[in-house]
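K.L.:
below are the sequence and a predicted model; questions follow.
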Amino acid sequence: EQWTPNLALNRIQLTFFTAWVQVHNLPLEYHDIELAHFMGDLIGEYVSMNWQPTFPRNIRFLRLQVRIDPWLPLVVGFILKCDDGQYTWIECCYECIFKICKKCGLIGHSHSQCHM
């Protein structure tokens, strides 16, 4: 929501936020913009990718900026079928998001506080 004078934070209904997501276990040959866009849309809505085609670069994970609905469970990962027919688990690690419930995937409470 755009800031306006006299805006009280308790009157804001958070509908979306933007976060950086680290995509781990992705084989290097799959570090490209098309697949990043597809993965970003699986996680939420793709915004951008923090990657350069020049060396040296980060090869531990791909970093995506994604627009996320905070009222839906977070995507913790997905299975990728590689060109050789093998399947690999791709893990999503969210930067600067705390209190993610490991039971229901929602933000704002922990497993011990979950009512789902």
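P.N.:
Here it is on my side, so go on. Worth saying up front: this structure is predicted, and the values here are computed from it rather than measured.
K.L.:
run a quick neighbour tally on the residue lying closest to Asp83 once chain neighbours are set aside.
P.N.:
Excluding the flanking residues, the one nearest Asp83 by CB to CB, 6 or more residues apart in numbering is Glu29, at 8.0 Å. Every residue, glycine included, has its C-beta placed from N, CA and C. Glu29 has 9 neighbours, counted by other CB atoms under 10 Å.
K.L.:
nearest residue to the middle of this protein?
P.N.:
With distances taken as CA atoms, centre = their mean, Val21 lies nearest the centre of the chain, 3.8 Å away.
K.L.:
list the buried residues for the host helix or strand of it?
P.N.:
Using DSSP states H and E, Val21 maps to strand 17-24. Buried residues in strand 17-24, counted by 16 or more other CB atoms under 10 Å: Ala19, Trp20, Val21, Gln22, Val23.
K.L.:
surely the second one touches Gln65?
P.N.:
Right, the one you point to is Trp20. Yes: Trp20 lies in contact with Gln65 (CB atoms under 8 Å); the separation is 5.6 Å.
K.L.:
shared neighbours, the two?
P.N.:
Asn50 (CB atoms under 8 Å, 6 or more residues apart in numbering).
K.L.:
re the thing from before, which residues does the residue nearest to the centre of the chain contact?
P.N.:
Gly40, Ile43, Arg63, Leu64, Gln65, Val66, Cys92, Cys93, Tyr94, Glu95.
K.L.:
wait, a strand at the first one?
P.N.:
No: in this structure, Gly40 is helix, not part of a strand, as judged by DSSP: H, G, I helix; E, B strand; the rest coil.
K.L.:
okay, now the residue nearest to it when sequence neighbours are not counted: neighbour count?
P.N.:
Nearest residue to Gly40, sequence neighbours excluded (CB to CB, 6+ apart): Tyr46, at 2.8 Å. Residues near Tyr46, counting by other CB under 10 Å, number 18.
K.L.:
which element, helix or strand, includes Tyr46?
P.N.:
Per DSSP H and E: strand 45-50 holds Tyr46.
K.L.:
buried stuff in that strand?
P.N.:
Buried residues in strand 45-50 (16+ other CB under 10 Å): Tyr46, Met49.
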